[in-house]
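1. 3D, please:
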Amino acid sequence: MTSAARVPPHVPTLTEVVSWSDKATPTAWSGPEALTPDLAREVEARVLHQIQQMLPSLVAQALKESVQNAAPKAADN
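-> Predicted coordinates for the structure are as follows:
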């Protein structure tokens, strides 16, 4: 536990740390720039390529797990 000697006497609030004034205005927000069509196609192609690389092993793993899960059920019958 924290000893009483280590507890600060006063923890400042946000309004004490950040000065507020009538002149304060929020910064205008602008969304991120849209991807160019060429860059969007490149990203899509890379994602699809990664999926195609991973898909066979994922299907094999799913089949193996389904066979393992079905084996105890078949033994029960």
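
2. Within the helices and strands, which one has the residue nearest the centre of the chain?
-> Centroid-nearest residue in the chain, with C-alpha atoms, centre = their mean: Val47, separated by 17.1 Å. For Val47, the host element (DSSP states H and E) is helix 37-76.

3. What's the mean pLDDT across that helix?
-> The predicted model assigns helix 37-76 a mean pLDDT of 88.

4. Give me the helices and strands touching it, please.
-> The contact analysis (3 or more C-beta pairs under 8 Å, 6 or more residues apart in numbering; DSSP states H and E) places helix 37-76 against no helix or strand. In this view, the C-beta of every residue, glycine as well, is placed from N, C-alpha and C.

5. Report the buried residues of it.
-> Under the neighbour-count criterion of 16 or more other C-beta atoms under 10 Å, helix 37-76 has nothing buried.

6. if I look at the residue nearest to the centre of the chain, how far off is Arg41?
-> 11 Å (C-beta to C-beta, to the nearest Å).

7. What of Trp29?
-> 28 Å.

8. same question, Asn69
-> From Asn69 over to Arg41 (counting by C-beta to C-beta), the distance is 40 Å.

9. now swap in His10 and tell me
-> 58 Å.

10. count of residues packed around Pro12?
-> Using other C-beta atoms under 10 Å, Pro12 has 9 neighbouring residues.

11. Check the offset of the helix holding Val47 from the chain's centre.
-> On the basis of C-alpha atoms, centre = their mean, to the nearest Å, helix 37-76 is displaced by 21 Å from the centre of the chain it belongs to.

12. mind starting the numbering at 782 from now?
-> All set: I'll call the first residue 782, so the last point we hit is now helix 818-857.

13. Need phi/psi at Thr817.
-> Dihedral pair for Thr817: phi -70, psi 150, per degrees, to the nearest 10.

14. So what's the residue count around it?
-> The tally of other residues near Thr817 (other C-beta under 10 Å) stands at 9.

15. can you check Val792 too?
-> 7.

16. How about the secondary structure of it?
-> coil (DSSP: H, G, I helix; E, B strand; the rest coil).

17. Sweet, I'm off.
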